[in-house]
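Asks: sequence isn't available, so here's the structure alone:
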């Protein structure tokens, strides 16, 4: 395995190759050039989780979910699936339970034309979160 195959190098940890220089600012891993901690985690843990692929998966699998009802179709659940995946990609090390409070507060803005109240949307958000998490950890363990 070459040095390029690693997610980061020692110089990434200190922000520059010349880390002994007092004139250099020490920048945590990945936080230079406008990166954010969430972006860093997303690139390290889940680089191949594609939200478009996830949307396609849920479009075909929605009708098989326990929470899918005749009252609401996929289009009502789509924003919930999307917010579950997006939130996982932003904060992959949080549990869904910890992220749920934030998602619930954001739901009125994220829901678009969905008719679902959060109490029903949360099941789709959790399902998509858990799928993204399983896939990300499976991909990471293969590396």
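Replies: Happy to help now that I have it. For clarity, every value in this text was computed on a predicted model and none was experimentally measured.
Asks: pretty sure residue 124 contacts residue 85?
Replies: No - assessed by Cβ atoms under 8 Å, residue 124 is found out of contact with residue 85, at 10.4 Å. The way it works is simple: take the backbone N, C-alpha and C, and place the C-beta from them, glycine included.
Asks: domain assignment for the chain?
Replies: 3-35, 46-142 (automatic domain parsing).
Asks: most neighbours per residue, which of those domains?
Replies: Counting by mean count of other Cβ atoms under 10 Å, domain 46-142 has the highest mean neighbour count of the domains of the chain, with a mean of 16.
Asks: worst-scoring helix or strand of the protein, pLDDT-wise?
Replies: Least confident helix or strand of the chain, by mean pLDDT, DSSP states H and E, is helix 10-14 with a mean of 31.
Asks: who are the contact partners of residue 49?
Replies: Going by Cβ atoms under 8 Å, 6 or more residues apart in numbering, residue 49 touches 85, 88, 89, 132, 135, 136, 139.
Asks: and the first one, how far from residue 52?
Replies: Taking Cβ to Cβ, to the nearest Å as the criterion, residue 85 is separated from residue 52 by 10 Å.
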